[in-house]
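Sequence and predicted structure below; questions after.
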Amino acid sequence: MSTIAEKPSDGVEAASTRFLENLRAVPRRIGETMLRTGAPNSDRTRSTFVFGNVFLHLHPVRAHRWSLRWSATWGLGIAAVSCFLILVVTGVLLMFYYKPYPDVAYLSIKDIHFVVPTGRFIRNVHRWAGNMMVVVVLLHMARVFYTAAYRAPREFNWIIGMGLLVVTLGLSFTGYLLPWDQLAYWAITIGANIAQSPREVTDALGITEWFDVGGLQKLILLGSEEVGEEALIRFYLFHVMVLPLILVALMAVHFWRIRKDGGLTRPLDADRRLGRLPNDVYPVFTEAPQKTYNLAAIVKGHTPNVGSGPEQTLPAMPHLMVAEAAVFMLTIAIAVLFAIFIDAPLKEVANPAVPENPAKAPWYFLGLQELVAHSAFMGGIGIPMIVLIGLGLIPYLDRETEGTGVWFGGAGGGALVFWSTIYGLAAVVAVEAVAIYFGWIRQWWPGTPQLVITLINPGTLLTALYAIYSLWCLKKYNSTRAGALALFTCFVCGFVVLTVIGSYFRGPNWDFYWSPSDWPGH
């Protein structure tokens, strides 16, 4: 009887023991269930670790050694993603305190800046990360172009990259209005006037009453005829919801296409350039296969990886991910340093009755504003559209293979880029000098029709000079790539010089001054 009586207690004791054992095993089991395929301590488990992770599966399982060289990409793509992640985190924190209404928006920014603990620091990081993202995306696009990474089979991904650039500029532009200070208000007013610039043409043709494209664009942008409550809430929604979702979608497609198009671009002879394999590359796989297959037929595939083996590759985990982490930490460090030493600007509360003079667009649009001073339509709409269409066509016109994956590769090479830089700088400086010191057609002949001013102005002249030089290079080198190198380099030079002039040498009434100390007194 006593033996039978003890059995329930033995069962309770056994259950308690199992419970304690399971409780002690919880941390280990959490790790096992997170990793699914075990610790990534061999090539095979590292591969399955990347492939089976929802966040990491956009990475390749293995990365080519050429792509892991810093000089191949300078980490610009990862730096752009890092800036975006910083913006998301700091932006969410700022949303807790920001109020998107004209009567309180400025006050909420002042509260963030002066009252909220670490608010000034968070806002500074957000501001500088946004500017850094614009710069890094522009540099990344230049890197892709100068290494001919837009060529087959990556043409469509170049188009996706152009979309990412446009959305990045849109994100920065929409965030510019949110402080609702004088700087923001009048910068957005300049942007809205640029959007309305097609009226320059429709007014000259006398068809604005029936076909007002410029007015429609401004209405879509602001939600009204003036910058006000509708514009602020619209910009806020675009900034925190619409454009970030579009950017994330385009980024996902961009990363996926990098994988599917054969990884990052590299020269055809990259293996020879890399030299002998390091000793730690072999064996490529360190575990026996876990699956068996029946071979029914052999058909050659059509993907970029067909015909290439894994011998010159390394596991993405840890090699690629360590490099990405390093770029991420460096990006954070730079944003933090800027945030510590330079505050985000905040002027007086927006006042429509007191215009800024000079009223300037955000810095990345100051080159356009310089052109807009001569022709609103060509500077704000026409020339940018020509540039975007030309950039989009380049991958489909350049069908050459020489120099792919090499900096300044292709006919002409680095020498062509050097002389194109000299020509591009000389042309923009000469055209701007004439316009600044001698005026333009409107000053020479005041009665000139507006359509003539629209078609013949410093912006269109500069574009024509660059196009003529590009065609000359194409003919000289008998290479589409040479013409593209020349044209792209010239436009980069033009963008830089016009941005510098608009930033530092334009004063009241958009007149040219060598120094702000030369501005007339009030």
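That came through fine.

just checking, what's the longest helix in the protein?
helix 119-146 (DSSP state H).

after that one, next one along is what?
Going down the chain from helix 119-146, the next helix or strand is helix 155-176, by DSSP states H and E.

pLDDT of that following helix, averaged?
For helix 155-176, mean pLDDT rounds to 95.

which secondary structure elements does that helix contact?
Judged by 3 or more Cβ pairs under 8 Å, 6 or more residues apart in numbering; DSSP states H and E, helix 155-176 is in contact with helix 119-146, helix 182-195, helix 229-237, helix 243-260, helix 383-397. For glycine as for every other residue, the C-beta is placed from the backbone atoms N, C-alpha and C.

Ok, which of the ones you listed comes nearest Val81?
Closest approach to Val81 among the helices and strands packed on helix 155-176 is made by helix 243-260 (7.0 Å; Cβ to Cβ).

Mind checking what helix or strand follows the closest one in sequence?
helix 270-274.

If you count neighbours, what's buried in that following helix?
For helix 270-274, a neighbour-count test (16 or more other Cβ atoms under 10 Å) marks 270-271 as buried.

what residues does that helix touch?
With Cβ atoms under 8 Å, 6 or more residues apart in numbering as the test, helix 270-274 has contacts from 64-66, 267, 311-312, 405.

element containing Ile468?
helix 458-477.

next helix or strand past that helix?
helix 480-504.

by contact count, what packs against that following helix?
Judged by 3+ Cβ pairs under 8 Å, 6+ apart, the packing partners of helix 480-504 are helix 119-146, helix 366-372, helix 383-397, helix 413-438, helix 458-477.

in that helix, what counts as buried?
Buried, per 16+ other Cβ under 10 Å, within helix 480-504: 480-495, 497-499, 501-502.

Repeat that for stretch 251-267.
Across stretch 251-267, burial judged by 16+ other Cβ under 10 Å covers 251, 254-255, 257-258, 261-267.

Off-centre distance for that stretch?
16 Å (Cα atoms, centre = their mean, to the nearest Å).

how long is it end to end?
For stretch 251-267, the first-to-last residue distance is 25 Å (Cα to Cα, to the nearest Å).

Let me know the average pLDDT across that stretch.
The average of the pLDDT scores along stretch 251-267 is 88.

So what touches it?
Contacts of stretch 251-267 (Cβ under 8 Å, 6+ apart): 58-60, 63-64, 66-67, 72-73, 81, 84, 147-149, 151, 153-154, 156-157, 160-161, 164, 273, 303-305, 404-406, 409.

Emit the PyMOL select command for whichever of the residues you listed are buried.
Buried subset of these, written as a PyMOL selection, criterion 16+ other Cβ under 10 Å:
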select buried, resi 59+60+63+64+66+67+72+73+81+84+147+148+149+151+154+157+160+161+164+404+405+406+409
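
show me what contacts Ile190?
359-361, 365, 369.

Turn the residues you listed into JSON lines, including neighbour count and pLDDT.
Formatted as JSON lines, those follow (neighbours: other Cβ atoms under 10 Å; pLDDT from 0 to 100):
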{"residue": "Ala359", "neighbour count": "17", "pLDDT": "87"}
{"residue": "Lys360", "neighbour count": "18", "pLDDT": "89"}
{"residue": "Ala361", "neighbour count": "24", "pLDDT": "88"}
{"residue": "Phe365", "neighbour count": "23", "pLDDT": "92"}
{"residue": "Gln369", "neighbour count": "29", "pLDDT": "92"}
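
Select, from these, the two members most distant in space.
The widest separation within these (Cβ to Cβ) is 12.1 Å, between Ala359 and Phe365.

what about Pro102, distance to Ile233?
Distance, Pro102 to Ile233, using Cβ to Cβ, to the nearest Å: 9 Å.

of the contacts of Ile190, closest to Ile334?
Phe365 (23.2 Å).

and that closest one, what is it in contact with?
173, 190-191, 194.

just Leu243 next, same as before
167, 170-171, 174 are the contacts of Leu243 under Cβ under 8 Å, 6+ apart.

Closest one of the residues you listed to Leu330?
Distance to Leu330, by Cβ to Cβ, is smallest for Leu171 among the contacts of Leu243, at 22.0 Å.

domains of the chain?
Residue ranges for the domains of the chain, per automatic domain parsing: 14-38+48-57, 61-285+313-356, 373-522.

hmm, back to that, of all the helices and strands packed on helix 480-504, which one is nearest Pro198?
That would be helix 383-397 among those, by Cβ to Cβ, at 11.0 Å.

Need the contact partners of the closest one.
For helix 383-397, contacts defined as Cβ under 8 Å, 6+ apart pick out 145, 150-152, 154-155, 158-159, 162, 166, 368, 371, 459-460, 463, 480, 484, 487-488, 491.

State the pLDDT value of the residue nearest the centre of the chain.
Centroid-nearest residue in the chain, with Cα atoms, centre = their mean: Val137, separated by 3.1 Å. pLDDT, Val137: 97.

Any regions of this protein where pLDDT drops low?
Within the chain, the ranges that satisfy pLDDT under 70 run 1-11, 34-39, 43, 49, 51-56, 277-311, 522.

One more pass at 80, please.
By pLDDT under 80, the low-scoring segments of the chain are 1-13, 29-61, 269-271, 274-312, 314, 316-317, 521-522.

before we move on, the earlier item: tell me which other helices or strands the longest helix of the chain touches.
Here helix 119-146 touches helix 76-95, helix 102-114, helix 155-176, helix 321-341, helix 480-504, going by 3+ Cβ pairs under 8 Å, 6+ apart.
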